[in-house]
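[1] would you be able to build a 3D model of this:
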Amino acid sequence: MAPSPERLCERALSILERLVAFDTTSSLSNLALIEWTERYLEGHGVASRRIASADGAKANLLATAGPAVEGGVVLSGHTDVVPVAGQSWSSDPFRLTVRDGRAFGRGSSDMKGFLALALAAVPDLQAAPLARPVHLAFSYDEEIGCFGAPAMIETIARELARPALAIVGEPTSLEVVTAHKGIVAWRVTVTGREAHSAQTHLGVSANMAAARLMGELARVADVLKASADPASPFVPPEATLTIGRVRGGTAGNILARTCEFLFDLRAPAGDGAEARLAGFFDLARALDAEIKGRAPDGGVRVERLADVPPLRPGDGGPAEAFVRRLTGDNGPARVASFASEAGQFQSAGFPTVLCGPGSIDQAHQPDEFIELSQLRRGAAMVSKLVEALSG
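    Numbers count the residues shown, from 1 in each chain. Alright, predicted model coming up:
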C-alpha cells in the first residue's frame, strides 16, 4: 500500500522546519544539519555515511533504504543555501514561517523542501516491501560551484549496486526538466603599482587594465547574444556571460594596486561558447607582460573556479518516462537556464532529470518560500515512488 500523501506532507513540513533552522550558507559548515539527519535516519534503522570535504568542515551524506540491488533511484539535493546578508526579510529567514499557504525561510524552495520530502518518506520506505532501493544523496557547496557532489557521485558509482536513474530535486514546480546549461566561472586578479593619480608614469592602475579586460568580456557577451539560436528552448536563448563582482582600488586619487573580478559563462551542451573567449585570454596574456614590464611584481592572473557540465537532453529516455509517471507531467520537454548537479550525475553515466517542488523564481530571493500545495504534490510524487519500487 502506498503511503498517505497527507501524512507524508505533514511529516515533511515538520522536517523542513528543522532543516531551515540550520544556517547552511555555503560560507559556513553544514555539519550540524548532517548530524541531525544522521540521527533521524538511524532512528528509522537506516545507516548512512559521510563523504567529507578535504578540510572536514563540510560533508555529503549518502544513505540507502531497501535492498542492495541494482535498479534503484537516487534522490539528490544540496544542503547549502545562499546568503541572506543585505536582503530585506519580513520574518526570520532561518525560522520556517507559514502564512497564506506558503512556508517562508531560506532554502524552503531551493532546496530543503525536496530534502524534507525525501526524509519524510524514510519510514514508509522502511515499511514497504521494496524490490529496488532508494538512495538519498545530500551534497554540500552546490551554490558556489557544485564542489561537493563529485566525490559523492564517485562513491555511488564505485560502491553501490548501480542505480537506474537520479532525480535531482531542484525547484522545477514538479515539472520534469531534461536539460540545463553548464557554467564555467573564473576569477581575474590584476596587480599593478600604486602611485598618485596625477603621476601615471610612476605606477600602473590595476583598475584601468581590468577595465580593458571587462570591456572584452562585454564584447563577447554581445556577440553571444547576437548569435543566439532563435529556436533554442532556453530563456534567454543564448549562452550568457556576466561579470558578477568587482573589487579594486582604495581611493579616487590613487592608482589602484589590485583589482579583482569574477565572471561566468553559462552555455547549453555543445554550444562551443567557451571558444569565444580566446581573444580575452590573448588580451590577459598581453596585459600581464605589459604590466610586468613596468611593475615586475604585478601582472594578470586568471583562475578557473568552477566547471559544471550541462545536463544534455535525454530524448525521452526511461528516466524521464519514469518521473513523468510519478508526477503525472504530460507537458513538453523542458529546460533550465541554471546549472545544477544533474549534469555531474549524467556525466558519471546515470540517467538524470531535474524535478522538485517549489519555483526557481523564489530561489535566492528575500522572503523565499515554497507553496504548501507544492509540498502536497511533492508528497504525492514520493508516495508513488515508494509504490513503484515495491515488489
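[2] leaving out chain neighbours, which residue sits closest to Ala195?
    Closest residue to Ala195 apart from its sequence neighbours, by C-beta to C-beta, 6 or more residues apart in numbering: Gly203 at 2.8 Å. The C-beta positions use only the backbone N, C-alpha and C, and glycine is treated the same way.
[3] contacting residues for the one you found?
    Shown in contact with Gly203 (C-beta atoms under 8 Å, 6 or more residues apart in numbering): 192-196, 255, 295.
[4] ok, now which ones touch Ala57?
    29, 31.
[5] just name the closest of the contacts of Gly203 to Val69, please.
    Nearest to Val69 among these is Gly192, at 61.3 Å by C-beta to C-beta.
[6] next, that closest one: phi, psi?
    In terms of degrees, to the nearest 10, the main-chain angles of Gly192 are phi -120, psi -140.
[7] cool, and Phe369?
    Backbone torsions of Phe369, given as degrees, to the nearest 10, read phi -150, psi 160.
[8] what score does it have for pLDDT?
    Looking at Phe369, its pLDDT stands at 98.
[9] name the SS class of Lys225, please.
    helix (DSSP: H, G, I helix; E, B strand; the rest coil).
[10] what do you get for Ala231?
    Ala231 - assigned by three-state DSSP - is coil.
[11] sorry, back to before: could the contacts of Gly203 go into a markdown table alongside distance to Glu303?
    Formatted as a markdown table, the contacts of Gly203 follow (distance: C-beta to C-beta, whole Å):
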| residue | distance to Glu303 |
| --- | --- |
| Gly192 | 18 |
| Arg193 | 22 |
| Glu194 | 23 |
| Ala195 | 27 |
| His196 | 31 |
| Leu255 | 24 |
| Ala295 | 20 |
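[12] looking at these, which is nearest Ser390?
    Among those, Gly192 lies closest to Ser390 (C-beta to C-beta), at 65.7 Å.
[13] so how far is Leu283 from that closest one?
    Using C-beta to C-beta, to the nearest Å, one obtains 16 Å as the distance from Gly192 to Leu283.
[14] ok, these two, which is more surrounded?
    Gly192 (27 against 17; other C-beta atoms under 10 Å).
[15] ok, now which ones touch the more buried one?
    203-206, 209, 255-259, 291, 295, 298.
[16] in which helix or strand does Val235 reside?
    Here Val235 is covered by no helix or strand, with elements defined by DSSP states H and E.
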